[in-house]
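Asks: next one to model:
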Amino acid sequence: MPTVQECLEEALAHIGIRTRLEAAARTDAGVHALDQVVTFWARAILEPAELRAAINDRTPPGLLCLDAARVPDHVHARASARSRTYVYLVGWPAPPELANYAWSLPDARAFPGLEAPRPDLDRARDALTRIVGEHDFAGFARPGEQTARRGIDPRATVRTVVRAELVSAVDGPLAAFVLEGRGFLRAMVRNIVGAVVSAAVGVAEPVRIAEILAAPHVRHRGVRAPGWGLTLSHVAYASPLFPARFAQREI
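Replies: Modelled structure (predicted):
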């Protein structure tokens with residue numbers, strides 16, 4: 001199956017544009033995005049509305065260009081972003097219509113022997129509060145991927161999480177974990193959610209997250225939440241890149 005990048009590159013190539021694409025955030029296989037931002041440089045003079053239509057004409061139904069705009073040369077989808085917000089859905093079990101977008105419990109692979117866990121959301125909130133602020137998240141990164149970088153720059157795995165909250169559904173067994181930060185390491189959000197859910201179902205203690213953050217050389221060896229429950233929901237910039245769409249959201 002082609003990646004999002006490959007689909008975009010093919011659509012652009014069809015109108016004569018072959019260039020490097022820069023995305024605001026990486027998404028692992030199976031992870032969704034509602035508000036991904038991509039920038040590229042091209043010599044061609046493109047009308048944003050025509051570009052949007054051309055992309056949507058050549059991409060599969062699951063990939064939609066919501067808007068397009070010209071931006072100054074210094075704007076970079078990733079480097080210019082002020083924050084990224086991810087949402088992770090967990091259900092016990094998840095409603096059938098969200099089966100491809102939420103982690104459904106019980107999960108025998110993640111929690112063998114735990115037949116019908118009902119998460120304790122207070123324990124989950126307790127665990128989440130421990131990741132807010134600036135920490136070295138090396139322990140929650142993908143094994144081996146960030147450790148090498150720390151040998152060159154000890155702060156390479158330091159990140160700041162400005163928001164970590166849990167929103168529970170009003171009338172169903174469903175909760176959304178919302179994490180916002182300047183940037184995230186690979187697998188960081190999924191490992192954190194796995195640790196938080198482990199605390200919620202009683203497999204681990206909420207303080208375990210703080211223990212891993214206090215000793216970056218200690219790697220999270222527990223559950224990694226599956227990719228399909230994670231969605232990149234918003235990327236924020238100092239100035240809106242799409243003023244018209246931003247104004248519509250404020251109405």
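Asks: shaky segments in the stretch 1-150 of the chain?
Replies: Within the stretch 1-150 of the chain, the ranges that satisfy pLDDT under 70 run 1, 144-150.
Asks: how about the helices in it?
Replies: Assigned helices in the stretch 1-150 of the chain, in chain order: 4-14, 48-58, 121-129, 147-152 (criterion: DSSP state H, counting those that start in this stretch).
Asks: what's in contact with stretch 227-243?
Replies: Contact with stretch 227-243 is made by 24-25, 27-37, 66-67, 69, 71, 75, 77, 80-90, 100-103, 178, 189-190, 193, 246, as judged by C-beta atoms under 8 Å, 6 or more residues apart in numbering. Placement of C-beta: from N, CA and C, glycine included.
Asks: out of the residues you listed, list just those in strands.
Replies: Secondary structure assignment by DSSP state E places 32-33, 81-90, 103, 178 of the contacts of stretch 227-243 in strands.
Asks: dump those residues into JSON lines; add distance to residue 110 as well.
Replies: Converted to JSON lines, the ones in strands among the contacts of stretch 227-243 look like this (distance: C-beta to C-beta, whole Å):
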{"residue": "32", "distance to residue 110": "20"}
{"residue": "33", "distance to residue 110": "24"}
{"residue": "81", "distance to residue 110": "31"}
{"residue": "82", "distance to residue 110": "33"}
{"residue": "83", "distance to residue 110": "29"}
{"residue": "84", "distance to residue 110": "25"}
{"residue": "85", "distance to residue 110": "24"}
{"residue": "86", "distance to residue 110": "19"}
{"residue": "87", "distance to residue 110": "19"}
{"residue": "88", "distance to residue 110": "14"}
{"residue": "89", "distance to residue 110": "15"}
{"residue": "90", "distance to residue 110": "11"}
{"residue": "103", "distance to residue 110": "8"}
{"residue": "178", "distance to residue 110": "21"}
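Asks: of all the residues you listed, which comes closest to residue 201?
Replies: residue 90 (10.2 Å; C-beta to C-beta).
Asks: return the residues in contact with the nearest residue to the closest one once chain neighbours are set aside.
Replies: Leaving out its chain neighbours, the residue that sits closest to residue 90 by C-beta to C-beta, 6 or more residues apart in numbering is residue 103, at 4.9 Å. Contact analysis of residue 103 by C-beta under 8 Å, 6+ apart lists 88, 89, 90, 91, 94, 193, 197, 225, 226, 228, 229.
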